[in-house]
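1. dropping the sequence and predicted coords here.
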Amino acid sequence: MTTADHVQSLERGIAVLRSFDADHAYQTLSEVAKRTGLTRATARRLLLTLTTLGYASTDGRNFTLTPSVLDLGYAYLSSLNIQQIAQPFLEALSEEVHESSSISVLDGSDVVYVARVPTTRIMTLALGLGSRLPAHCTSMGRVLLAELPLDELHRRVPTPIEPRTELTITDFDALEAEFAKVRAQGWALVNQELEIGLRSIAAPLRDSAGRAIAAINLSTHVGRTTVEDIDEVFLPALLRAAAALNDALGKR
């Protein structure tokens, strides 16, 4: 893409949208300008434009996003069609092992949840459609990152690697070795690297060309299952569900 093809105003508008999150649901003009690095005048024009279009609202001081922003995400989910196809498979898998099951896609350095069947809450984080987690320390992220060439991995895994727990792999060489293991076996197990007490296992989902387009996982608490349980019960169930879902996705 050439400089002439780059629309800076669109880039800035997206930056304003992305400045809102769970910790910054309501922001003043000054806060948006600071978080985006934009001037107050530019941030004001963009916020007022988003408000006019219905993607933001204001009480005169604070701005917040409106539910209309969800239309952008659901447009992606509809075009991907994974959610509609996958939901019955997720429900059957979750019912079989009585644990939460999810599907996510890779976006930059994160995985983004596009389908989910929760059971008992086992994380301190509340996860739903659109939730983002760092890819390098999640099972779904591992199976998707493992498909990438080394130069792409260096771009996608931020260094220094941020530890989420004392068990998080933070050495890139060790992480690269883990990716090689995941590629060879076709699935990933992450044991308390994202959150203490949480274990998860994931496998890739592929399109008709064999490209990994998403990942499916099962999550459980260490108090309910052992690593042996995961190997003997969870892994076979997950791989069966992934194979069935891959077949469905390959036919779309």
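-> Cool, got the structure.
2. mind checking how far G108 is from Q84?
-> To Q84, G108 is 25 Å away according to CB to CB, to the nearest Å. Heads up, the C-betas are built off the backbone N, CA and C, glycines and all.
3. in three-state terms, how would the residue lying farthest from the centre of the chain be classified?
-> Distance from the C-alpha centroid of the chain peaks at G60, with 33.6 Å (CA atoms, centre = their mean). With DSSP: H, G, I helix; E, B strand; the rest coil as the basis, G60 sits in coil.
4. what about it, distance to L29?
-> To L29, G60 is 11 Å away according to CB to CB.
5. likewise for D151?
-> According to CB to CB, D151 and L29 sit 40 Å apart.
6. between these two, who's got more neighbours?
-> L29 (17 against 8; other CB atoms under 10 Å).
7. give me phi/psi at that one?
-> phi -60, psi -40 (degrees, to the nearest 10).
8. still on that earlier bit, can you tell me how far the residue farthest from the centre of the chain is from V69?
-> 21 Å.
9. try L245
-> With CB to CB as the criterion, L245 and V69 are 29 Å apart.
10. and these two? Which one has more around it.
-> Applying other CB under 10 Å to L245 and V69 shows that L245 carries more neighbours, namely 23 against 16.
11. so what does the more buried one look like in phi/psi?
-> phi -70, psi -40.
12. isn't it right next to Q87, touching?
-> No. Between L245 and Q87 there is no contact under CB atoms under 8 Å: 10.4 Å.
13. could I get the full set of strands for the stretch 1-150 of the chain?
-> 27-28, 56-58, 62-65, 100-107, 110-117, 132-134 (DSSP state E, counting those that start in this stretch).
14. nearest to L46, out of the ones you listed?
-> strand 56-58 (9.2 Å; CB to CB).
15. just the buried positions in the closest one, please.
-> 56, 58 (16 or more other CB atoms under 10 Å).
16. again with stretch 181-196
-> Buried residues in stretch 181-196 (16+ other CB under 10 Å): 182, 187-190, 192-195.
17. check the offset of stretch 213-228 from the chain's centre.
-> Distance of stretch 213-228 from the chain centroid (CA atoms, centre = their mean, to the nearest Å) equals 16 Å.
18. buried sites along it?
-> By 16+ other CB under 10 Å, the buried positions in stretch 213-228 come out as 213-221, 225.
19. I'd like the average pLDDT over the helix or strand harbouring S200.
-> Element membership of S200 [criterion: DSSP states H and E] is strand 198-206. Mean pLDDT, strand 198-206: 94.
20. in its sheet, what does it sit against?
-> strand 188-191 (antiparallel), strand 212-221 (antiparallel) (DSSP bridges).
21. now these as a markdown table including distance to S100 and mean pLDDT?
-> Rendered in a markdown table, the data for the strands paired with strand 198-206 read as follows (distance: least, CB to CB, whole Å; pLDDT from 0 to 100):
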| stretch | distance to S100 | mean pLDDT |
| --- | --- | --- |
| strand 188-191 | 14 | 96 |
| strand 212-221 | 5 | 91 |
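22. as JSON lines, those with distance to A15 would be great.
-> Formatted as JSON lines, those follow (distance: least, CB to CB, whole Å):
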{"stretch": "strand 188-191", "distance to A15": "31"}
{"stretch": "strand 212-221", "distance to A15": "26"}
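23. so which of the ones you listed is nearest R156?
-> Closest of the strands paired with strand 198-206 to R156 is strand 212-221, at 13.5 Å (criterion: CB to CB).
24. any idea how far R40 is from L72?
-> Taking CB to CB, one finds L72 at 25 Å from R40.
25. ignore what I typed, I meant G197.
-> Distance of G197 to R40, computed by CB to CB: 44 Å.
26. L218 now?
-> 47 Å.
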